[in-house]
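Q: predicted structure and sequence below. I'll ask about it afterward.
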Amino acid sequence: MRSRGASTMVEVKGLLKETDLGAEPKELPYPWLLKELSRQTLERRPRYDYRGRSAEEVRTRLQAVRRNLRRFLGLAPRALPVRPTSVVERLAVQFDGFSITPVALERGAGWHITAHLYVPDGLTQPAPAVIHVHGHSYEGKHGAAYARRCRGLARKGFVALFVDFPEAGERKGTGHALWYPVLANMPVQGILVQDNSAALTYLAGLPFVDEKRIGVTGSSGGGNQTVYLCAADDQLAAAAPCNAPAFISEHCNSGSGAYCHCEAVPGITGAGIEYHDLLAAFAPRPLRVFAGIHDPLFPIVGARRAVVEADAAYRGLGARDRCTIEEHYCEHECPDEFRQGVYQFFEHALKRPGDLAAADGEGDDIDMSDARLLALPERPRDFLAISDLYRRRLQAVKPKRVNSVQLNRLLGRAQRSAAVKSIGRFDDRLWARIALLTGDGASLPLVIRKGQGEFVTLAIADAGKAEALKLARGSGSVASFDWRGQGESAPPEGSWWSQRAAHYTSIGGEPLPGGRVTDLLAVTHWLRDDGSRLDKIIAFGGEACLLACLAAVIDPNLSRLELYGMPRTFADAPGLSQHMSFTAWAPGLALITDIPQLLASVGKRAKVKSWLKPGKEVWREGSD
């Protein structure tokens with residue numbers, strides 16, 4: 001027994017005795033940190049339970065949901081419905097049983113919306129109609145699969161309006177999968193809601209359409225557009241969102257795909273609004289969710305729960321069996337029987353005696369490349385992009401210096417989150433390696449390269465601590481760390497978890513930049529408590545420089561900053577995608593301050609060594 005114990009001690013000593021690692025400390029990957037922190041953020045607020053609520057309680061709750069949703073979409077209280085400022089209809093093109101009229105709308109000078117209007121032959125009275133919004137196929141209304149659905153609706157006796165979203169079809173060049181607009185509290189979904197509301201107002205005003213009988217449908221990203229539109233705009237009578245509705249928390253926990261930037265609305269779950277609230281906001285009007293049982297992106301369990309919990313609100317309003325789900329054995333797709341279910345739902349919800357009878361089938365595919373189907377045969381000179389809308393909004397803002405209270409609130413930070421403790425340490429001749437844990441649960445690998453003198457320089461870089469240590473030269477001690485989602489805690493390649501975490505944490509009201517500011521403050525607090533004399537913080541890269549500035553405003557005792565690669569202004573954000581990750585952008589930040597004001601708030605502690613020069617704008621920076 002004694003000899004076995006002695007052998008064990010030798011083995012344990014051998015494990016603890018590591019060789020001098022020299023210039024390359026070994027990394028210990030922790031790839032799922034962002035997923036865990038995202039889940040915690042989304043689950044921090046309990047879901048509202050509609051069961052057993054009175055009709056008055058449900059109505060009061062849903063009024064608040066709609067009011068807050070419009071605010072999170074960046075819309076003024078009376079922004080909806082939107083009226084198009086101009087309408088141009090091209091010549092109708094006749095097909096088998098219906099015609100297609102290309103339509104170009106403007107929502108304000110220079111913001112163009114293109115669409116196809118499908119009109120059944122033989123209308124004898126104002127007809128029911130359906131607005132179709134699409135997902136992430138950038139063919140838009142010219143895509144064969146989408147056009148087939150609108151053709152099917154027309155053959156069933158519905159007027160259908162198929163709207164291109166920004167960057168699709170004839171709207172190419174406007175931008176779409178962009179995150180920087182959240183800086184000005186104008187998420188892309190808010191732009192989509194306004195575009196679709198303008199198209200809906202146009203549709204409702206047609207003499208052959210019954211404005212009281214208009215529905216909306218769309219799949220995937222179009223399914224989310226459907227839900228946000230019908231929750232925010234009161235013009236609709238029925239809704240059939242497909243392949244998208246599911247609890248956001250369930251999408252985070254078990255969904256295998258990332259939202260597009262256009263599908264993430266910062267702040268909603270932080271305010272206690274989940275997907276069942278968005279569905280319930282349409283009550284008591286009929287709504288049916290269509291879902292694929294094997295959909296890997298939007299888990300069926302999340303769809304079922306959202307519908308069941310929204311149905312409780314419908315029941316509270318006396319609208320039993322008006323919020324339902326129809327499931328099909330498919331993945332993230334809309335096969336024939338799926339589409340037939342959508343047609344049947346609208347026939348039941350919108351049709352009345354005297355309407356056209358439904359024809360058999362969806363008809364033959366048509367050539368959508370026909371030049372006669374263009375809504376904008378020539379691109380207008382005043383063709384605006386999302387970047388133009390973004391800069392226009394910033395022109396109306398007067399940025400100011402900010403204080404720590406304002407920034408903590410905007411970044412969703414609690415003071416206790418920067419509390420920090422060491423959960424492991426190893427020292428050798430050249431390095432100290434410390435594992436830190438922040439108050440909000442982020443694991444931070446910190447390394448210190450030992451040098452001469454009593455002062456320590458803290459170096460941070462967009463590329464992580466390895467790059468920061470390489471760039472920070474000198475004979476003194478240099479410390480560096482990986483903030484959450486960086487370096488050792490970077491998500492697996494191809495998982496999209498940097499993007500997903502940026503979305504989920506922002507949706508939960510605790511945006512990722514706020515968490516990374518917490519990480520920086522936690523490290524500086526630990527270094528002080530450990531007895532280190534922090535000389536300065538050196539930041540390399542736009543995101544690192546911005547985080548350092550935000551941290552220095554929050555903590556007036558933070559050391560002086562040297563900034564290499566600082567953005568000049570938030571107005572440059574559309575051209576900085578090649579230099580900065582979208583994870584740097586905190587929702588609403590550009591509405592209260594700008595880079596010059598942040599630097600003024602830090603004062604003489606900050607010294608900018610180099611500035612970022614914006615480059616060519618991109619139209620899609622994230623998963624779509």
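A: Thanks, I have it. Note that the structure is a prediction, hence the values are computed from the model and not measured.

Q: where's the residue nearest the centre of the chain relative to residue 303, distance?
A: The centroid of the chain falls nearest to residue 264 when counting by C-alpha atoms, centre = their mean (2.5 Å). Distance, residue 264 to residue 303, by C-beta to C-beta, to the nearest Å: 18 Å. All C-beta atoms are positioned from the backbone trio N, CA, C, and that covers glycine.

Q: and the lengthiest strand in the chain, what other elements does it pack with?
A: With secondary structure taken from DSSP state E, the chain has its longest strand at strand 209-219. Here strand 209-219 touches strand 127-133, helix 188-204, helix 221-232, strand 238-242, helix 336-350, going by 3 or more C-beta pairs under 8 Å, 6 or more residues apart in numbering; DSSP states H and E.

Q: pipe those into TSV and attach distance to residue 71 per row.
A: Shown next, in TSV, are these (distance: least, C-beta to C-beta, whole Å):
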stretch	distance to residue 71
strand 127-133	22
helix 188-204	10
helix 221-232	10
strand 238-242	22
helix 336-350	30
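
Q: list just the one of those that sits closest to residue 613.
A: Residue 613 lies closest, by C-beta to C-beta, to one member of those: helix 188-204, at 25.6 Å.

Q: flag every buried residue along the closest one.
A: By 16 or more other C-beta atoms under 10 Å, the buried positions in helix 188-204 come out as 188-204.

Q: ok, residue 443 - contacts?
A: 30, 33, 423, 435, 436, 437, 489 (C-beta atoms under 8 Å, 6 or more residues apart in numbering).

Q: ok, the third one - contacts?
A: Which is residue 423. With contacts taken as C-beta under 8 Å, 6+ apart, residue 423 has the following neighbours: 435, 436, 437, 443.

Q: which of those residues sits closest to residue 323?
A: Closest approach between the contacts of residue 423 and residue 323, by C-beta to C-beta: residue 443, at 41.5 Å.

Q: quick one, phi/psi of that closest one?
A: Torsion angles at residue 443 (phi, psi; degrees, to the nearest 10) stand at phi -90, psi 130.

Q: repeat for the one 10 residues further on
A: Its backbone dihedrals place residue 453 at phi 90, psi 170, with angles given as degrees, to the nearest 10.

Q: residues near it, how many?
A: 12 (other C-beta atoms under 10 Å).

Q: that one and residue 476, how far apart?
A: For residue 453, the distance to residue 476 (C-beta to C-beta) stands at 5 Å.

Q: for residue 317, which of the helices and strands packed on strand 209-219 is the nearest?
A: Between residue 317 and these, the shortest gap by C-beta to C-beta is with helix 221-232, which sits at 15.0 Å.

Q: any idea how far that closest one is from the chain center?
A: Relative to the centre of its chain, helix 221-232 is centred 14 Å away, using C-alpha atoms, centre = their mean, to the nearest Å.

Q: state the pLDDT value of the closest residue to residue 190 other than its chain neighbours.
A: Excluding the flanking residues, the one nearest residue 190 by C-beta to C-beta, 6 or more residues apart in numbering is residue 73, at 3.7 Å. The score at residue 73 is 98. That number is its pLDDT.

Q: cool, residue 475 as well?
A: The score at residue 475 is 64. That number is its pLDDT.

Q: can you check the one 4 residues further on too?
A: pLDDT recorded at residue 479 is 95.

Q: need the contact list for it.
A: Counting by C-beta under 8 Å, 6+ apart, residue 479 touches 446, 447, 448, 449, 456, 457, 458, 459, 523, 527, 532.

Q: sitting in helices, which of those do you find?
A: Residues of those located in helices (DSSP state H): 523, 527.

Q: out of the contacts of residue 479, which comes closest to residue 391?
A: Using C-beta to C-beta, these come closest to residue 391 at residue 459, 33.6 Å.

Q: the closest one touches residue 474, doesn't it?
A: No - look at residue 459 against residue 474 with C-beta atoms under 8 Å: they stay out of range, at 9.8 Å.

Q: between those two, which is the more surrounded one?
A: Taking other C-beta under 10 Å, residue 459 and residue 474 do not tie; residue 459 has more neighbours (25 against 15).

Q: on that earlier part again, got the CA coordinates for the longest strand of the chain in PDB?
A: In PDB, the C-alpha atoms belonging to strand 209-219 read as follows (Å, rounded to 0.1, in the frame of the first residue of the first chain):
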ATOM      1  CA  VAL A 209     -58.700  44.300 -52.700                       C
ATOM      2  CA  ASP A 210     -60.800  44.000 -49.500                       C
ATOM      3  CA  GLU A 211     -58.700  45.900 -47.000                       C
ATOM      4  CA  LYS A 212     -60.300  44.100 -44.100                       C
ATOM      5  CA  ARG A 213     -59.200  40.700 -45.500                       C
ATOM      6  CA  ILE A 214     -55.400  40.800 -45.900                       C
ATOM      7  CA  GLY A 215     -53.100  38.100 -44.600                       C
ATOM      8  CA  VAL A 216     -49.300  37.800 -44.500                       C
ATOM      9  CA  THR A 217     -47.000  34.800 -44.900                       C
ATOM     10  CA  GLY A 218     -43.300  34.000 -45.300                       C
ATOM     11  CA  SER A 219     -40.800  31.300 -44.600                       C
END
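
Q: can you give me the buried ones in that strand?
A: Using 16+ other C-beta under 10 Å as the test for burial, strand 209-219 gives 209, 210, 213, 214, 215, 216, 217, 218, 219.

Q: biggest separation within those, which pair?
A: In terms of C-beta to C-beta, the buried residues of strand 209-219 reach their longest pairwise distance at 210 and 219, which sit 24.8 Å apart.

Q: follow-up on the earlier one: check the contacts of residue 479 for burial and list the buried ones.
A: Neighbour counting by 16+ other C-beta under 10 Å classes 446, 447, 448, 449, 456, 457, 458, 459, 523, 527, 532 among those as buried.

Q: tell me what the third one is bridged to.
A: On DSSP bridges, the residues paired with residue 448 through beta bridges are residue 432, residue 479.

Q: please identify which helix or strand holds residue 88.
A: Using DSSP states H and E, residue 88 falls within strand 86-89.

Q: I misspoke; the intended subject was residue 327.
A: Remark: residue 327 resides in strand 323-328, with elements defined by DSSP H and E.

Q: and that strand, what's buried?
A: 323, 325, 326, 327, 328.

Q: so what pLDDT did the closest residue to residue 522 other than its chain neighbours get?
A: Distances taken as C-beta to C-beta, 6+ apart place residue 420 nearest to residue 522, at 3.9 Å, with adjacent residues excluded. Note for residue 420: predicted pLDDT of 94.

Q: could you do residue 278 as well?
A: The confidence metric pLDDT takes the value 98 at residue 278.

Q: what's downstream of the one helix or strand it maps to, the next helix or strand?
A: Using DSSP H and E, the element containing residue 278 is helix 275-280. Using DSSP H and E, the helix or strand that follows helix 275-280 towards the C-terminus is strand 287-292.

Q: ok, for residue 61, nearest residue in space, not its chain neighbours?
A: Using C-beta to C-beta, 6+ apart, the closest residue to residue 61 is residue 48 (6.5 Å).

Q: contacts only, for that neighbour.
A: By C-beta under 8 Å, 6+ apart, the contact set of residue 48 is 61, 272, 274, 276, 277.

Q: and what about it, helix, strand or coil?
A: For residue 48, the secondary structure call by DSSP: H, G, I helix; E, B strand; the rest coil comes out as coil.

Q: got it, and the one 4 residues further on?
A: Taking three-state DSSP as the rule, one finds residue 52 in the coil state.

Q: try residue 600
A: Here residue 600 is recorded as helix under three-state DSSP.

Q: check it and give its pLDDT.
A: Residue 600 is given a pLDDT of 97.

Q: and if you look at residue 511?
A: Residue 511 carries a pLDDT score of 98 in this model.

Q: mind checking how far it is from residue 268?
A: For residue 511, the distance to residue 268 - C-beta to C-beta - is 13 Å.

Q: neighbour-wise, which of those two wins?
A: More crowded of residue 511 and residue 268, by other C-beta under 10 Å: residue 511, with 31 against 25.
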